[in-house]
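*Asks:* Using only what follows, build the 3D model:
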Amino acid sequence: MMLSQRAKELGIRYFLVSFADMLGVSRAKLVPASVIDETAEVGAPFAGFATWLDLTPADADIFARPDPQSLVQLPWKPEVGWLASDLWMNGEPLAQAPRNVLREQVARAAGQGYQLRTGVECEFFLLTPDGQAVSDPWDRQSKPCYDQQALTRRYDLISRICDSLLQLGWEPYQNDHEDANGQYEINWKYADAVITADRQMFFKYLVRTLAEEQGFRATFMPKPFTNLTGNGCHTHISLWKADGSCNLFADAAGPSGLSPLAYQFLGGVLHSAEALCAFVNPTVNSYRRLHAPSTTSGSTWSPNRISFSGNNRTHMVRIPEGGRIELRLVDGAANPYLSAAAILAAGLEGIAQRREAGALRDFNVYTDAHQADSLRKLPETLLDALRHLERNPVLTEALGAGFTAGYLKLKQAEWRDYNRHVSAWELQQTLDC
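*Replies:* Next comes the predicted model:
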């Protein structure tokens, strides 16, 4: 069905033709419904250098071709429709466009008979408009997770977000106050990896918009406060037959309810974990979360070693039940498309090489130092992760040498920019040295 026809049926007057750049920033143009069919055919033009796509002013225009299957009617402004788009340049898919990168990995998986399904746990803080403090001055418990009183003080906003997801048919199933003061999480049902990534991009837009309307500022930043738990984006992963008929990770007779294929996929993720961090922990701030000291609640809830376990939340990968694994490494700054693409690339390589996941560990990584010391450490900084990516042929070859080089260039520039700034801590510690 033509998008113009959908617009008439739904009462849509304008479309946001949207895409994510390499840093996960949402970009869009507002297109009148009267010309949406033409836009769907040729794409909405953008100057690529104006976004983070590793392009120059000399490069040709990029064209965002909206995917009609991704259409979301804004619950708070139903006269506007949102569309995820694929980027093209010079008549070819743009290699460094994140959605294209994920779609290419999904196509590779489909060629091998697989479909990746993911579910994400998007944690976020509700802050004061200046971003300096949590929005609820009464939210002060040292262990605020699941605090009923604090949750209901934000009922109007949380319920409005959840109502929006219900209206969109995403099948949300729970909302809770998370482990940090001012932190919340809303969960919806898992789906095909591209659908989940599209929904995650829209979810962040929805949460920020509705929070602003109520006078708050929402952030998915990995570690906005030194003493509080950071924002993770735990990702639940399963591999299905390409036609969606069977969960290939499920095996009731297998260890922890997982099949040999699942353990090979897991082996690939563990093998490339350090390089994977460049995508799933993509900012300087990401490593404040991974290597944080204990918070006011008593735990960071984030991994710092490369390991997997059963229902044990101190490890990088948790197996909560048969048929899926939970990668606890991913944080709120991760680009949804690149995160899923890198995870899938690592997992497919694990299957191809029949990699072993090794032994399941069930000790407490945070407290049992004598056992944790035997495990590989996660990168300490963004620079460490980028160096691991440079040396990792698995992700470089799967995602494309050109894309990887462009991504590394942008992220290395980000690291250099960070390094140019003198912090308050440095002045305090070394001004009089």
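*Asks:* okay, CA-based contacts and neighbour counts for the rest of this
*Replies:* Fine.
*Asks:* Please enumerate the strands of the stretch 201-350 of the chain.
*Replies:* Using DSSP state E, counting those that start in this stretch, the strands of the stretch 201-350 of the chain run over residues 217-219, 233-241, 308-309, 317-318, 325-327.
*Asks:* Show me what the second one packs onto, helices and strands only.
*Replies:* Using 3 or more C-alpha pairs under 8 Å, 6 or more residues apart in numbering; DSSP states H and E as the contact criterion, the neighbours of strand 233-241 among helices and strands are strand 114-127, strand 325-327.
*Asks:* Wait, residue 54 touches residue 410, no?
*Replies:* Yes - the pair residue 54 / residue 410 is scored as a contact, 7.1 Å apart, by C-alpha atoms under 8 Å.
*Asks:* out of these two, which sits in the more crowded spot?
*Replies:* residue 54 (19 against 15; other C-alpha atoms under 10 Å).
*Asks:* before we move on, the earlier item: nearest to residue 69, of the strands of the stretch 201-350 of the chain?
*Replies:* strand 233-241 (20.8 Å; C-alpha to C-alpha).
*Asks:* what about dumping the CA coordinates of the closest one to PDB?
*Replies:* Below are the C-alpha coordinates for strand 233-241, written out as PDB (Å, rounded to 0.1, in the frame of the first residue of the first chain):
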ATOM      1  CA  CYS A 233      20.800  -1.600  27.600                       C
ATOM      2  CA  HIS A 234      20.900  -5.300  28.300                       C
ATOM      3  CA  THR A 235      20.200  -7.100  25.000                       C
ATOM      4  CA  HIS A 236      18.500 -10.500  24.800                       C
ATOM      5  CA  ILE A 237      19.500 -12.600  21.900                       C
ATOM      6  CA  SER A 238      18.200 -15.600  20.100                       C
ATOM      7  CA  LEU A 239      18.800 -17.100  16.700                       C
ATOM      8  CA  TRP A 240      15.800 -18.500  14.800                       C
ATOM      9  CA  LYS A 241      15.300 -20.300  11.500                       C
END
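*Asks:* what comes into contact with that strand?
*Replies:* Strand 233-241 has contacts (C-alpha atoms under 8 Å, 6 or more residues apart in numbering) with 113-123, 190, 246-249, 262, 323-332.
*Asks:* Name only those of those residues that count as buried.
*Replies:* Buried members of these, scored by 16 or more other C-alpha atoms under 10 Å, are 114-123, 190, 247-249, 262, 323-332.
*Asks:* domain assignment for this structure?
*Replies:* 8-87, 104-422 (automatic domain parsing).
*Asks:* Make TSV from those and add distance to residue 2 and mean pLDDT to it.
*Replies:* Shown next, in TSV, are these (distance: least, C-alpha to C-alpha, whole Å; pLDDT from 0 to 100):
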stretch	distance to residue 2	mean pLDDT
domain 8-87	7	97
domain 104-422	20	97
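*Asks:* JSON lines for these, including distance to residue 97?
*Replies:* Listed next are the domains of the chain as JSON lines, based on distance: least, C-alpha to C-alpha, whole Å:
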{"stretch": "domain 8-87", "distance to residue 97": "6"}
{"stretch": "domain 104-422", "distance to residue 97": "8"}
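*Asks:* the helices in the stretch 301-433 of the chain, which residues?
*Replies:* 336-352, 369-372, 382-390, 393-399, 401-419, 424-430 (DSSP state H, counting those that start in this stretch).
*Asks:* Using JSON lines, lay out those together with distance to residue 109.
*Replies:* Formatted as JSON lines, these follow (distance: least, C-alpha to C-alpha, whole Å):
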{"stretch": "helix 336-352", "distance to residue 109": "7"}
{"stretch": "helix 369-372", "distance to residue 109": "34"}
{"stretch": "helix 382-390", "distance to residue 109": "22"}
{"stretch": "helix 393-399", "distance to residue 109": "11"}
{"stretch": "helix 401-419", "distance to residue 109": "19"}
{"stretch": "helix 424-430", "distance to residue 109": "47"}
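*Asks:* Tell me which of those helices sits most buried.
*Replies:* Of all the helices of the stretch 301-433 of the chain, helix 336-352 has the most neighbours on average by mean count of other C-alpha atoms under 10 Å, namely a mean of 25.
*Asks:* quick one: that one to chain centroid distance?
*Replies:* Chain-centre distance of helix 336-352: 13 Å, with C-alpha atoms, centre = their mean, to the nearest Å.
*Asks:* Mind giving me the packing neighbours of that helix?
*Replies:* Using 3+ C-alpha pairs under 8 Å, 6+ apart, helix 336-352 sits against helix 98-111, helix 193-213, helix 260-271, helix 273-280, helix 393-399.
*Asks:* quick one on the thing from earlier: in JSON lines, list the strands of the stretch 201-350 of the chain along with distance to residue 19.
*Replies:* Formatted as JSON lines, the strands of the stretch 201-350 of the chain follow (distance: least, C-alpha to C-alpha, whole Å):
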{"stretch": "strand 217-219", "distance to residue 19": "20"}
{"stretch": "strand 233-241", "distance to residue 19": "20"}
{"stretch": "strand 308-309", "distance to residue 19": "34"}
{"stretch": "strand 317-318", "distance to residue 19": "30"}
{"stretch": "strand 325-327", "distance to residue 19": "25"}
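*Asks:* Any idea which of the ones you listed gets closest to residue 159?
*Replies:* strand 217-219 (15.2 Å).
*Asks:* what packs against that closest one?
*Replies:* Checked by 3+ C-alpha pairs under 8 Å, 6+ apart, strand 217-219 has strand 114-127, helix 193-213 packed alongside it.
*Asks:* So which of those is the most surrounded?
*Replies:* strand 114-127 (a mean of 24).
*Asks:* Show me what that strand is packed against.
*Replies:* Using 3+ C-alpha pairs under 8 Å, 6+ apart: strand 114-127 touches helix 98-111, strand 183-188, strand 191-192, helix 193-213, strand 217-219, strand 233-241.
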